[in-house]
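prediction below, plus the sequence it came from.
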Amino acid sequence: MINVFLMSALLVFVVVYWRWQTIQNILWQKKYQTQSLSHMDRQVLLTYMPIYRAMTDADREALEKHVVWFLGEKRILGRDGLKTNRAMELIVAADACLLVLKQSWPLYPNVKEVLLYPSSYYAPQTSTDSAGLVNYHTSIRQGESWPGGTLVLSWHDVLEGNRLPGDGHNLVFHEFAHQLDQQTGQTNGTPQLTSKQDYADWARVFSRAYTNLKSHVAYQMPHVMHSYGATNEAEFFAVLTETFIEKPAALKSYDPELYRLLMRYFQFDPLDWQRH
């Protein structure tokens with residue numbers, strides 16, 4: 001009798017373990033299917049997020065569903081005396097969810113919390129010199145993305161990123177792009193793709209574009225992306241994401257093949273939101 005009970009329990013455990021994602025999705029659908037953003041929530045996004053105003057109705061609806069899920073599953077906490085409110089949480093969540101507009105739940109599975117500072121903040125940093133000596137100092141930062149599941153953002157810069165939707169700078173896009181990059185277990189500018197062909201195409205086009213940006217920056221030649229993207233492959237992907245969403249026409253004209261690669265990955269065309 002005990003053996004039968006143990007075998008049954010083991011069978012249930014195995015089924016739940018292998019089907020957990022499906023079960024989780026069913027639970028999420030049940031939990032969030034009747035929830036939606038309020039009229040006041042939408043007014044906040046209409047006021048502070050120009051891209052939301054310009055989106056198609058279908059894309060706006062998809063984004064709102066993601067925001068509901070994000071706010072139900074992630075923590076957004078204030079730091080340095082900053083008290084968060086619903087409007088602040090909505091803006092951060094909407095910016096973050098825009099990158100994964102066409103993805104299904106769970107979004108950013110590694111992210112557990114977002115820490116908001118009032119403005120730029122000091123962060124401890126270590127560096128090693130040529131003699132092997134470790135130096136401890138502090139640096140001023142606007143944001144960070146930690147592989148362990150925490151993002152840190154300056155609220156002032158979050159607002160600035162939305163206030164100027166066409167300048168190619170958006171702190172939330174930048175830091176959450178790092179999270180997409182980190183889903184592979186590495187931070188190397190290559191997010192999680194679906195096939196060997198996708199990885200091959202990404203390596204070829206991305207490498208060419210990154211090398212091209214470094215050359216343009218070094219020789220002070222014109223370039224669409226911010227020069228910070230030439231720092232390394234991870235920063236290139238983050239800056240490229242900002243540029244793709246905020247300056248799509250310029251990026252498409254500058255490098256059509258790179259633009260098509262990003263459309264294939266993100267599964268949307270930001271130019272659709274500039275025709276309305």
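Received it, and whenever you're ready, just let me know what you need. Residues are numbered from 1 along each chain as shown.

only C-alpha atoms for contact and neighbour calcs from this point on.
Will do.

where in this protein is pLDDT low?
Applying pLDDT under 70 to the chain picks out residues 1-21, 125-132, 134, 137, 275-276.

center of it, which residue is that?
F176 (2.5 Å; Cα atoms, centre = their mean).

run through the residues that contact that one.
The contact partners of F176, taken as Cα atoms under 8 Å, 6 or more residues apart in numbering, are A96, L99, S145, L151.

kindly report the same for K112.
K112 neighbours (Cα under 8 Å, 6+ apart): E73, K74, R75, G149, T150.

now, which of the residues you listed lie within strands?
Among the contacts of K112, the residues falling in strands (DSSP state E) are R75, T150.

can you say which of the contacts of K112 are buried?
With neighbours counted using 16 or more other Cα atoms under 10 Å, those contain these buried positions: K74, T150.

and P124, what helix or strand is that in?
Taking DSSP states H and E as the definition, one finds P124 inside strand 121-128.

right, and the helix or strand after that strand?
Following strand 121-128 toward the C-terminus (DSSP H and E): strand 134-141.

show me which of the contacts of F176 is closest to L251.
L99 (16.9 Å; Cα to Cα).

end-to-end on stretch 249-259?
Taking Cα to Cα, to the nearest Å, stretch 249-259 runs 9 Å from one end to the other.

now do the buried residues in that stretch.
A249, A250, L251, K252, L258, Y259.

what about those residues, which are in helices?
Counted as lying in helices by DSSP state H, out of the buried residues of stretch 249-259, are A249, A250, L251, K252, L258, Y259.

in JSON lines, list those residues along with distance to V114.
Shown next, in JSON lines, are those (distance: Cα to Cα, whole Å):
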{"residue": "A249", "distance to V114": "31"}
{"residue": "A250", "distance to V114": "31"}
{"residue": "L251", "distance to V114": "29"}
{"residue": "K252", "distance to V114": "32"}
{"residue": "L258", "distance to V114": "30"}
{"residue": "Y259", "distance to V114": "29"}
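
circling back: tell me which element the residue nearest to the centre of the chain is part of?
Under the criterion of DSSP H and E, F176 resides in helix 171-182.

what of N162?
Going by DSSP H and E, N162 is in helix 155-163.

name the helices or strands packed onto that helix?
Packed against helix 155-163 by the contact rule (3 or more Cα pairs under 8 Å, 6 or more residues apart in numbering; DSSP states H and E) you find helix 39-48, helix 171-182.

alpha carbons of the first one, as CSV, please.
The one in question is helix 39-48. This file holds the C-alpha atoms of helix 39-48, laid out as CSV (Å, rounded to 0.1, in the frame of the first residue of the first chain):
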residue,chain,number,x,y,z
HIS,A,39,-8.6,54.4,-17.3
MET,A,40,-6.3,56.3,-15.0
ASP,A,41,-3.4,53.9,-15.7
ARG,A,42,-3.8,54.4,-19.5
GLN,A,43,-3.9,58.2,-19.0
VAL,A,44,-0.5,57.9,-17.2
LEU,A,45,1.0,56.0,-20.1
LEU,A,46,-0.6,58.4,-22.6
THR,A,47,0.9,61.3,-20.8
TYR,A,48,4.4,60.0,-20.1
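
now do the buried residues in it.
R42, V44, L45, Y48.

count the neighbours of the residue nearest to the last one when sequence neighbours are not counted for me.
If you skip the residues right next to it in sequence, Y48 has N162 as its closest partner in space, 6.5 Å away by Cα to Cα, 6 or more residues apart in numbering. One way to gauge burial is a neighbour count; for N162, by other Cα atoms under 10 Å, it gives 22.

test my guess that N162 contacts M49.
Yes. Under the criterion of Cα atoms under 8 Å, N162 makes contact with M49 at 5.5 Å.

can you list the buried residues in the top helix by length along the chain?
If you go by DSSP H, the chain has its longest helix at helix 196-218. Neighbour-count burial for helix 196-218 flags W202, F206, A209, Y210, L213, K214, V217 (criterion: 16+ other Cα under 10 Å).
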